[in-house]
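Asker: I would like the atomic coordinates for the input below:
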Amino acid sequence: MKKRILTFIICLGAILVWSCTHQIDTRDLQIAGNGVLQQEDGTVSLKLDKAECYNDEVNPSNNTAEWKIVISRPGRFKVWLSSATKDTTDLSYANSVRISLLDDNLVANPACDKIVQNSGDVPNSYFRADSYMGSLYFSDAGEYDLQVISEKIIAKNSGTHNTSPADDTKLMSVILTPMTR
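Answerer: Numbers count the residues shown, from 1 in each chain. A predicted model of the protein is given here:
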């Protein structure tokens with residue numbers, strides 16, 4: 001009997017030591033739905049077509065896109081909004097774009113801060129315009145929910161496909177790039 005108890009205590013101790021020293025690699029995590037993993041270079045690229053989107057038919061400025069993201073290397077990240085546009089002088093966002101992460105909220109009117117010509121991310125007749133929105137801080141590695149609210153978000157299953165001059169700009173993605181010192 002003493003031998004069994006001693007064996008049980010040794011096994012329990014070994015499991016405890018192993019579990020305390022074993023780190024989970026985020027590449028092994030299985031995340032549901034529209035989950036996005038942080039890339040090797042630290043970037044997180046959130047494509048609108050991979051988001052869970054919700055349309056507000058009464059007030060389109062409340063249209064929402066949400067992603068689950070897994071951060072393996074926490075820190076401060078620059079937040080860029082990427083749009084496809086025909087007019088590189090005016091992105092034609094009628095309202096400010098809101099980006100939320102936990103208690104952090106970024107609110108900005110997208111501007112053409114960087115123009116990317118010949119980008120493979122946008123149709124041929126468009127340019128890619130990246131707008132700096134601010135920065136967000138991830139204190140710990142783990143899974144987070146990020147939300148974007150803008151009239152330029154249109155759910156795939158939505159029947160709303162009006163054509164107007166405002167359609168010259170389309171929201172494509174949100175890009176998080178790690179800040180370095």
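Asker: what about the helices in this protein?
Answerer: 2-21 (DSSP state H).
Asker: Go ahead and flag the most central residue of it.
Answerer: In the chain, the centroid-proximal residue (C-alpha atoms, centre = their mean) is Leu46; its distance is 4.1 Å.
Asker: Apart from its chain neighbours, what residue comes closest to it?
Answerer: With C-beta to C-beta, 6 or more residues apart in numbering as the criterion, Leu46 has its nearest non-adjacent residue at 4.4 Å, and that residue is Val174. All C-beta atoms are positioned from the backbone trio N, CA, C, and that covers glycine.
Asker: hang on, isn't the one you found packed against Val36?
Answerer: No - between Val174 and Val36 there is no contact under C-beta atoms under 8 Å: 10.0 Å.
Asker: Compare the two and say which is more crowded by neighbours.
Answerer: Higher neighbour count among Val174 and Val36: Val174, with 24 against 18, using other C-beta atoms under 10 Å.
Asker: and that one, what does it touch?
Answerer: For Val174, the contacting residues are Leu46, Trp67, Val79, Trp80, Leu81, Ser82, Ile99, Met133, Leu146, Val148, by C-beta atoms under 8 Å, 6 or more residues apart in numbering.
Asker: and of those, the nearest to Val58?
Answerer: Taking C-beta to C-beta as the measure, Val148 is the one of these closest to Val58, at 19.1 Å.
Asker: how far away is Ile99 from Ser150?
Answerer: According to C-beta to C-beta, to the nearest Å, Ile99 and Ser150 sit 9 Å apart.
Asker: Let me know the pLDDT of the closest residue to Phe77 other than its chain neighbours.
Answerer: Spatial nearest neighbour of Phe77, excluding adjacent residues (C-beta to C-beta, 6+ apart): Leu176 at 4.2 Å. Per-residue confidence (pLDDT) for Leu176: 97.
Asker: Kindly report the same for Ile9.
Answerer: Value for Ile9, per-residue pLDDT: 71.
Asker: cool, the one 10 residues further on as well?
Answerer: For Ser19, the pLDDT comes out at 48.
Asker: What is the burial count for Met172?
Answerer: Count around Met172 with other C-beta under 10 Å applied: 23.
Asker: Ok, Ser45 next?
Answerer: 17.
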